[in-house]
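Novice: structure for the following, please:
(one chain, ligands or ions: 1)
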Amino acid sequence: MIVISQEESRLCGFSVVTGIVSWIILNRNPIRGDRAACIVIAAFLTTYCALVYRDFQDALKLSTLLFTVYTCSLATTVVTYRLSPLHPLSSFSGPKFWSASSIYLAVVSAKGRRHHVLADLHRRYGKFVRIGPNHLSISSPHAGHVIYTGANALSKGPTYTMPGHIDAVALFFKVPKEAHSNRKRIWAQALTGNGLSQFYGVIEKRTHELVSYIQRRQDKDGVVDFTECLDHWSYDLMGDMVFGGYNELELMKNGDPDRLIEGGRMATAAAEIFGQAPWLMDIAWHLPASKHIHELRHLAARMMRRRIAAASNEKVGMGFRDLSSYLISEEPGNGRAIPARDLEIDAAIAIVAGSDPIAIAMIFIIYFLLRHPKCYAKLQSDLDQAFPDQEQLTKNKLTTLPYLTAVIDEGLRLTTPFFLQREVPVSGAVIDGVAVPGGTIVAVDSHSQQLSEENFGPDADAFHPERWLPGGLGTDAPLNRQAFTPFSTGRYACSGKMFAMHVMRMAVARLIMSFDMAFPENYDQDAFLGRVRVVRATFLDQPLLVKVQLKAAAK
Ligand code: HEM
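Specialist: All right, here's what the predicted structure looks like:
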């Protein structure tokens, strides 16, 4: 039994009160996690020094005790409030652990199965589920309009705070509305209309290289690791698109000795996990836990610096305007150059936001086609008819092939479980008829929506590209296009959607026309899907192996 003196017990009582008072202050004036951690450490050291000064025996033990009592008092007050009827979200149901601390959501996110867990929670608790002290997950086809798409769509939530609170404007992160719109306009110049059409040539060139790369990578049985091939290809393509090839990245030639792909995915995952509890991100920023984010930032900064230097060197050039050339130019409207710090962060986003989802979507699309030979045969026949002589795959012709687009849409529908958090303004919002208090973090569970029977019929979890064609799966089969949001919608929707769709149309068509493809014997097709983890980035713990044979016409 620990025996403590009267004075020590008085100090413990003081710690309890300090814990409660701290909560009252912090509840009204939240502070950054790293600053809070510094204040706590400073308070601990001050207490220790004060106890030493006053000649307390074993001052270290006593200050540790007081610190523990303080932490317990603060934590108990926080949890009691969050679980009490006084909390603004008390009327929303959900598992109690989740409401007590956002750490639970961070842990579930880290495991990569959050979308399955959320789908289960929605089945148990209904459309609105409280999944954090301040967080609601919503599964309703009518919620997206208020949250993402409508004229007064909500702003990005604290998950999007720039890690390390770097003072920069970059697309994707939480920045003022006007700054975001200005920056988005620049990206749009590159990724729509004439800007976009400049990339067609390089997309076609890189896709031809992919065909050769796949041939080179065959083992003696003709089996190829498609996961790696498509990862390397999309990285090379995005390198050209973002930096005009000035980055010296050639993964299809040199492999990925620096493990850039894994680093990019880990950085995305770290931001997603810690972003569930932004105070945790503030602390993790200073710890090895966020090393992948720092590495990605430094890599992107190096590439952007090289790109800026190359722009003044007239000897180099790939014959098209890359994304950086728009960003490096003056910002339209104000005539000022975008600061280097902004450029470096935008570059990091462009590399990861573009290459990773394209590669992953392509891997799933090929997987589903191999699993559904009838769909594969139908697509092949459409392509053979459209391009009888393996001629150039023009954008105009590719977009006239509805089954090709249907295959891509169906692949995206099944494999993009995004959970994009937005913050309800102080005045509150009415979402699908329910009043949600100001300050709440809300997100539509797109996985539940994209796989819901209400939106897509009784076999909503099956791969049926036909559902997207006129007539669909029959007059009774529902098809709620509004519930299909792989690129998100509204103000913060994906800037690269048109680019990505063209790349995928081109690459799927070229692969189908170039190779006969099948799963290798004994390939565990179910395990491939069973071993998928999504932490915003998608991790495929079992690679997609494909047995390929070059078609005679493609030789
Ligand atoms: C299959 C491919 C792709 C998918 C499924 C996809 C999906 C998404 C989604 C869901 C968002 C919204 C994120 C959020 O609100 O948190 C987004 C945003 C974004 N995407 Fe994509 N994306 C793809 C390809 C690309 C490409 C090729 C680029 C080009 C570099 C790109 C650039 C961006 C950017 C810059 C944003 C942030 C937009 C903003 O905040 O206003 N994406 N993407």
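
Novice: right, and the helix or strand after the longest helix seen in the chain?
Specialist: Secondary structure of the chain per DSSP state H: the longest helix is helix 340-371. Using DSSP states H and E, the helix or strand that follows helix 340-371 in sequence is helix 373-386.

Novice: and that following helix, how far out from the chain's middle?
Specialist: Here helix 373-386 is found 32 Å from its chain centre; the criterion is C-alpha atoms, centre = their mean, to the nearest Å.

Novice: let me see the mean pLDDT of that helix.
Specialist: The average of the pLDDT scores along helix 373-386 is 96.

Novice: same check, this time on stretch 509-525
Specialist: 97.

Novice: kindly report the same for stretch 135-144.
Specialist: Stretch 135-144 comes out at a mean pLDDT of 95.

Novice: got the end-to-end distance for that stretch?
Specialist: Terminal residues of stretch 135-144 lie 16 Å apart, using C-alpha to C-alpha, to the nearest Å.

Novice: mind checking if it is in reach of the ligand?
Specialist: No - on the criterion C-beta under 6 Å from any ligand atom, stretch 135-144 is out of touch with the ligand, staying 11.9 Å away. Where C-beta positions appear, they are placed from N, C-alpha and C, glycine not excepted.

Novice: quick revisit: got the angle for the longest helix of the chain vs helix 373-386?
Specialist: Using axes from the mean of the first three to the mean of the last three C-alpha atoms, to 10 degrees, the inter-axis angle of helix 340-371 relative to helix 373-386 is 110 degrees.

Novice: hmm, helix 340-371 touching the ligand?
Specialist: Yes - residues of helix 340-371 contacting the ligand under C-beta under 6 Å from any ligand atom: 349-350, 353-354, 357-358, 361.

Novice: what residues sit buried inside that helix?
Specialist: Residues 342-370 are the ones in helix 340-371 that count as buried (16 or more other C-beta atoms under 10 Å).

Novice: swap in stretch 382-391?
Specialist: 382-383, 386-387.

Novice: over to stretch 64-80?
Specialist: For stretch 64-80, the buried set under the neighbour-count rule, 16+ other C-beta under 10 Å, comprises 65-67, 69-70, 73-74, 77-78.

Novice: and stretch 200-213, by the same measure?
Specialist: Buried, per 16+ other C-beta under 10 Å, within stretch 200-213: 200, 202-204, 206-207, 209-211, 213.

Novice: out of the buried residues of stretch 382-391, who's nearest Asp524?
Specialist: Leu383 (28.9 Å; C-beta to C-beta).

Novice: pretty sure that closest one is touching Ser514, no?
Specialist: No - Leu383 is not in contact with Ser514 according to C-beta atoms under 8 Å; the separation is 10.5 Å.

Novice: any idea which element Val548 lies in?
Specialist: If you go by DSSP H and E, Val548 is part of strand 545-550.

Novice: what's that strand packed up against?
Specialist: Other helices and strands packing on strand 545-550, by 3 or more C-beta pairs under 8 Å, 6 or more residues apart in numbering; DSSP states H and E, are helix 200-216, strand 223-225, strand 515-518.

Novice: give me the number of residues near the residue of the chain found nearest the ligand?
Specialist: Using C-beta to the nearest ligand atom, Gly496 is the residue of the chain that sits closest to the ligand, at 2.1 Å. Here the number of neighbours of Gly496 (other C-beta atoms under 10 Å) works out to 21.

Novice: tell me the residues of the protein that contact the ligand?
Specialist: 171-172, 184, 187, 349-350, 353-354, 357-358, 361, 416, 418, 420, 486-488, 492, 494-496, 499-500.

Novice: just to revisit the earlier point, JSON lines please, covering the buried residues of stretch 64-80 and showing pLDDT.
Specialist: Shown next, in JSON lines, are the buried residues of stretch 64-80 (pLDDT from 0 to 100):
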{"residue": "Leu65", "pLDDT": "91"}
{"residue": "Leu66", "pLDDT": "91"}
{"residue": "Phe67", "pLDDT": "92"}
{"residue": "Val69", "pLDDT": "94"}
{"residue": "Tyr70", "pLDDT": "93"}
{"residue": "Ser73", "pLDDT": "95"}
{"residue": "Leu74", "pLDDT": "94"}
{"residue": "Thr77", "pLDDT": "96"}
{"residue": "Val78", "pLDDT": "95"}
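
Novice: surely the residue of the chain closest to the ligand meets Ala188?
Specialist: No - judged on C-beta under 8 Å, Gly496 makes no contact with Ala188 at a distance of 10.3 Å.

Novice: and the helices and strands packed on strand 545-550: which comes nearest Pro141?
Specialist: helix 200-216 (33.8 Å).

Novice: who are the packing partners of that closest one?
Specialist: helix 226-243, helix 251-254, helix 497-514, strand 545-550.

Novice: what does the last one rub up against?
Specialist: Spelled out, that is strand 545-550. 214-215, 218, 221-226, 366, 370, 514-520, 523 (C-beta atoms under 8 Å, 6 or more residues apart in numbering).

Novice: for the strand or helix carrying His122, the distance to its chain's centre please.
Specialist: In this structure, His122 is located in helix 114-125 according to DSSP H and E. Mean C-alpha position of helix 114-125 versus that of the full chain (C-alpha atoms, centre = their mean) differs by 19 Å.

Novice: helices or strands up against that helix?
Specialist: Under the contact criterion of 3+ C-beta pairs under 8 Å, 6+ apart, helix 114-125 touches helix 103-110, strand 128-130, strand 135-138, helix 446-450, strand 532-535.

Novice: how far off centre is the last one?
Specialist: So the one you mean is strand 532-535. 11 Å.

Novice: residues making contact with it?
Specialist: By C-beta under 8 Å, 6+ apart, strand 532-535 touches 109-115, 268-269, 272-273, 415, 417, 538-541.

Novice: name the residues of that strand that are buried.
Specialist: Applying 16+ other C-beta under 10 Å to strand 532-535 flags 532, 534-535 as buried.

Novice: right, and the helix or strand after that strand?
Specialist: Per DSSP H and E, the first helix or strand lying C-terminal to strand 532-535 is strand 537-540.

Novice: by contact count, what packs against that following strand?
Specialist: helix 260-275, helix 340-371, strand 532-535.

Novice: so what strands line up beside that strand?
Specialist: Under the criterion DSSP bridges, strand 537-540 sits next to strand 532-535 (antiparallel) in its sheet.

Novice: let me see the mean pLDDT of the strand it pairs with.
Specialist: For strand 532-535, the per-residue pLDDT averages 96.

Novice: CA atoms only for that strand, dumped as CSV, please.
Specialist: Extracted as CSV, the C-alpha positions of strand 532-535 are listed here (Å, rounded to 0.1, in the frame of the first residue of the first chain):
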residue,chain,number,x,y,z
VAL,A,532,-6.7,-5.6,-49.3
ARG,A,533,-6.2,-2.9,-46.7
VAL,A,534,-7.4,0.7,-47.3
VAL,A,535,-5.9,3.5,-45.3
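
Novice: quick check: Lys551 touching Ser514?
Specialist: Yes - counting by C-beta under 8 Å, Lys551 touches Ser514, with 6.2 Å between them.

Novice: neighbour count winner among these two?
Specialist: Ser514 (23 against 14).

Novice: what is the neighbour count of the closest residue in space to that one that isn't next to it in sequence?
Specialist: Excluding its sequence neighbours, the residue lying closest to Ser514 (C-beta to C-beta, 6 or more residues apart in numbering) is Ala554, at 4.2 Å. Per other C-beta under 10 Å, the neighbour tally for Ala554 reads 13.

Novice: fine by me, thanks again.
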